[in-house]
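Chemist: just a sequence and a predicted model for now, questions to come.
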Amino acid sequence: MQTQLRQALNHLFTLSCGASVVLLVAALLLFLIPMLKKGAVAVLFRGTVEFRKMQAEQFDRGNEEALQKEIEQTAQSRQEIYAILDQFSRGIDTEKLTDEVKGLYRDYGDELRYKDTPKEQYTKLRSQAKIIRNHLLDAFESIDKTEINEYLDAVKVFEKGNSFSGTTVEKMFAVADGFQKTIQHVDLSRRGEYAEELSVVKEELYNLFGPRPEEKTPQLAMRRFGATRWDVAQKHLSFLLWQEKWVRSDDGQSMVSRKVRRDDPQYGSFSGTSLLPLFTLVEETLDISLKPRFTFYWQYFIDDSTPGHYFGGVGPEVLGTLMLTMLAMCFAVGPGVLSAAYLVEYAGDNLIVKIIRICINTLAGVPSIVYGLFGMAFFVTYVTRHPGILSAAMTLALLVLPVIIRASEEAIRAVPQTYREAAMGLGAGKFRSFITVTLPAAGPGILTGIILSLGRAAGETAPILFAGAAALAPIPDFGGKWWLQETRALSYGCYDITVGDKLAMMVPHKQFGMVMTLVMLVLCLNIVAIFVRSRMSKKLRGA
Amino acid sequence: MELTPIRKRAALQPGKIRLNSPPSAAAEETPCTQKTIIGARDFTFYYGSKAGVENITMDIEVGSVTAIIGPSGCGKSTFLRSINRMNDLIPQTRTEGLLSVGGQDVYDKSTNLVNLRQQVGMVFQRPNPFAKSIYDNITYGPKLQGIRSKAKLNALVEKCLKDAALWDEVKDDLHKSALALSGGQQQRICIARTLATKPRVVLMDEPCSALDPLATARIEDLIEELKGTYTIVIVTHNMQQAARVSKRTAFFCLGKLIEYGQTDKLFTNPQEKSTEDYITGRFG
C-alpha cells in the first residue's frame, strides 16, 4: 500500500511539473500572440494612396511616376464626390453665395467701365444689376421657399430680357439657377442643422481624402494627407456615414439616442436633400478613391515620426532605448561584478558585511518610481545638471545593480574550490586566480544576471520619466554633448501615446506597434545574450 | 638529521636539480643520511580547536618517492596540504611547530607564498584542468613566472607533456580544450601543468583514486620516471600502490605519525602494532 501511494505521488509530482510548464507557456503565448498580432498591424497593413504620398513627401521614397498615375486615377472618383458636396454647400452656405454675388456685382461694374459704356446706359444697366443682386441676396436670406422662388423668378425675367448676355451678370443667373435647383430638395428651416452636419461631413471627407487639389498645402504635416491606412479610412467612413440622434423610442413614449445613417430616409439629417447620393457614392467608391494595397512598412522601426506619432515610425524610440540600455549596462556590470567578487572572496562574516547584504537585497525590491525620483533628485541636480541620456542611464544602472550583484554572487560562489586551489597551487595570487580562472568559470551565471537586467532596463518607464526621457525629443546629436540631451524611449513612448487621449484613439496601431517593438527588442537582446552564454557554457564543458 | 640550507639557484637546467652532494646509491640501508628537502619538527595543525595532525616529526629525502598511508581522516591530506600552504584557503586554522622546505620555514612570515607554491607543486585527487586549451593550461604557471617568449613556452610545453607521457596523444592539437580529454589524460595534464613551473617537490594527494586501472598504471609509471629528478610525496589509500611506487612509507593514524621507514621493511616487518593491524586489514 505504501509503495502504491508513493508511486501515485511520484506520478502526481511529474504531472504537476509538466502542467505548470504548460501553463507558463500558455500564459506567455496568451500574452504575446495578441500583442504581436495587433502590433504587426503597424508594419503589415493595407496602405492607401495617401500613405504612399506621405512616404514620398516625408521620406522621399517610392516611384514618382507610379504615384502620379495613381493620384490621377483617384482624382476622378473624388471629383464626383466633391461635385455633389459643392453643389449642396452652395445651397446651404449662403454666406459664400452672398459674397460671390456681391463680388460679381462689383466685377460687372468694373466691366462696364472698362467697356467705356456711355453714362446713361451705365447707370441703367448698373441699377438693373443692383436689383438682381438684391433679389438674390434676399433670396439667400429668406427661408420661405415661395418667397425665394418669387425672387428667383424675378431674376429670371431679367435673364429672359437678354440685355445682359455675355457679361458677368450671366454668372449671377447661373448662381440663381443652381440655388433654385438646390433648394428644391432642401428643407430651409433646417438650414442650421444642415450647416452643422455638413461641417462634420466635410471634416470627415478631409480626414479621408486630405486637402483638395486646389487648396493650399497646410502647414501641419498631420493635415497634409488623408487616411493613410485602410482601417483608419474605414473608421472615418463610419464617422461620415453614421450619426447619433435622439429619436422616438419604439413604444413612442420617450426619446432615445440611437445611431442612424446620415442618409437614412426617416431620421437622417440629410434625408430628402441633394447630398443623399454622396454617402452611397463614397461608400462604394472608397477603394477606387484610396487605392488600398498591401504594404510592408518595415521602415517603421527606423523612421522618425512626425510630431504626435501620426505618421512615420518609432526609429528614435528604438535608438533611445538601445542607447539607454547599453549605457546602463556599462555602468552596472563593472561595479556589480566587483561587489559580488568582494562579497565572496574577501568579505568576512562580520556585522558590516551582513548589513551590506541586507541593503543589497532590499534595493532589489524598491519600486522603480522611487529610483526615478532619486535619479531626478541626485543625478540630474548634482551630476549632470540637466536631464539627459547620462542621468537616465545612471538611474537605470542603479535599478539593475542589485540583480546583477545577486546573480554574480551566486555564480562566483558556485565555482568549485578545486579551480581556485589549482590556480593557487601554481603560484597565482588571489587577484590573478580570480581574473583568470574564477571569473571565466562564473561567466554563464553572471551573464544570466545580465540577461535578466537587460529586459528590465529596456522596459522600465518610471526611472527615466524624470531623468531623461521626452516624448518629442529629436534624435541625439552625436557631434555635440549627446549625453546631456533628452531622448525618446519605447517604454516612455508607450505611456505617452496612451495618455494623449484623442490622438491615441486615432492611432491605436501606433500604440500596439510600439509595445510590440519593445517586446521584440527585449526578445532580440535576450536571444543574443543567451546565445553568448551557451557558447560560454559549451567552452567550459569542453565541447 | 640536518636540514640543508637552501642555495640560491639560477635557471634550472631541464631535468636536473642542484644538490649539495649527489645522492648516494647506498642510501637504501642507512637511515636518512641523504639530504632532506622537507622536514617537520613537532608540527601540529589545528582546525579551529581540533588538531588535524599532532606532533609530526619526519624528514623526506630529496629525489625520493615517499608514500603516506593511513585510514580516512587521519590527517594525511592535512599534512600534505600544509607543505605548500594550501590550507590557507580554509579559514580559522593555525599551526604549531616547524615545517620547512629546503631549509625555509614554510609558516614563517617572510616566506614568499608564490615562490613556495611554484617550488612545491600539487596534484589533486580529482583532475582539475582549467577550462582552457591544453597549451594554456600548461603555460599558466610559467606565465606567472614571467616567461613570455613563445619559443621558450613551446619548448616547455613539449618537455612537460613528454615528461608526463602525454605528448604523443595530444601533440596534434594543443589548442583543444583540456576538458575534452579523458579522466586519465586530464590528470596527466594536471601533472604536466605542475611540472611546468619546474618545482623541486611534487605533492600528490590520491592522484589515482578517480581513475581506472589502466590510467592508474600509467600514472605509476610516470612517478617511476619522475623520481630522482623531483621529490615526490604521495598520499594514497591504496597500500599496494604505496608498496609499488615508494621508497619510504609513513603510516598516519588519528593525526599522529605512527611509523615511518623503508617501504619493504614497513610492509613485511612493521614495528608498531597498529601499523600491522592496518596493513593486514584488521581496521581502516
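Modeler: Received it, and whenever you're ready, just let me know what you need.
Chemist: okay, A:Leu104 and chain B: tell me how far apart.
Modeler: 95 Å (Cβ to the nearest Cβ, to the nearest Å). For every residue, glycine as well, the C-beta is placed using N, CA and C.
Chemist: for A:Ile412, same thing?
Modeler: Distance from A:Ile412 to chain B, counting by Cβ to the nearest Cβ: 15 Å.
Chemist: again with A:Leu398
Modeler: Applying Cβ to the nearest Cβ, the value for A:Leu398 to chain B is 33 Å.
Chemist: distance of the residue nearest to that residue when sequence neighbours are not counted relative to chain B?
Modeler: Spatial nearest neighbour of A:Leu398, chain neighbours left out: A:Tyr371 (6.0 Å); criterion: Cβ to Cβ, 6 or more residues apart in numbering or on different chains. Using Cβ to the nearest Cβ, we find A:Tyr371 at a distance of 37 Å from chain B.
Chemist: next SSE after the helix or strand hosting A:Tyr371?
Modeler: Using DSSP states H and E, A:Tyr371 sits in helix A:368-374. The C-terminal neighbour of helix A:368-374 among helices and strands, as given by DSSP H and E, is helix A:389-413.
Chemist: average pLDDT for that following helix?
Modeler: Mean pLDDT, computed over helix A:389-413, is 92.
Chemist: in chain B, which residue is closest to the centre?
Modeler: The centre of chain B sits closest to B:Leu203, judged by Cα atoms, centre = their mean, with a distance of 1.5 Å.
Chemist: what's that residue sitting at in phi/psi?
Modeler: Per-residue torsions, B:Leu203: phi -100, psi 130 (degrees, to the nearest 10).
Chemist: identify the bridge partners of it.
Modeler: Beta-bridge partners recorded for B:Leu203 (DSSP bridges): B:Met122, B:Val233.
Chemist: count of residues packed around the closest residue to chain A within chain B?
Modeler: Residue nearest to chain A within chain B: B:Leu179 (2.6 Å; Cβ to the nearest Cβ). Here the number of neighbours of B:Leu179 (other Cβ atoms under 10 Å in any protein chain shown) works out to 20.
Chemist: same question, A:Val532
Modeler: A:Val532 has 15 neighbours, counted by other Cβ under 10 Å.
Chemist: right, and it touches A:Leu447 too?
Modeler: Yes: A:Val532 is within contact range of A:Leu447, at 6.5 Å (criterion: Cβ atoms under 8 Å).
Chemist: relative to A:Arg126, how far out is the residue of chain A most remote from its centre?
Modeler: Distance from the C-alpha centroid of chain A peaks at A:Glu120, with 67.0 Å (Cα atoms, centre = their mean). Separation of A:Glu120 from A:Arg126 (Cβ to Cβ, to the nearest Å) stands at 11 Å.
Chemist: pLDDT weak spots in chain A?
Modeler: Regions of chain A meeting the criterion pLDDT under 70 cover residues A:91, A:162, A:185-188, A:307-308, A:501-504, A:542-543.
Chemist: can you list the domains in it?
Modeler: Taking automatic domain parsing as the criterion, chain A consists of the domains A:74-289, A:315-541.
Chemist: what's the end-to-end length of the longest one?
Modeler: This stretch, domain A:315-541, spans 41 Å end to end (Cα to Cα, to the nearest Å).
Chemist: over to stretch A:260-272?
Modeler: Taking Cα to Cα, stretch A:260-272 runs 15 Å from one end to the other.
Chemist: which other residues reach it?
Modeler: Applying Cβ atoms under 8 Å, 6 or more residues apart in numbering or on different chains, the external contacts of stretch A:260-272 come out as A:185, A:187, A:190, A:193-194, A:197, A:201, A:240-245, A:247, A:258, A:275-276, A:278-280.
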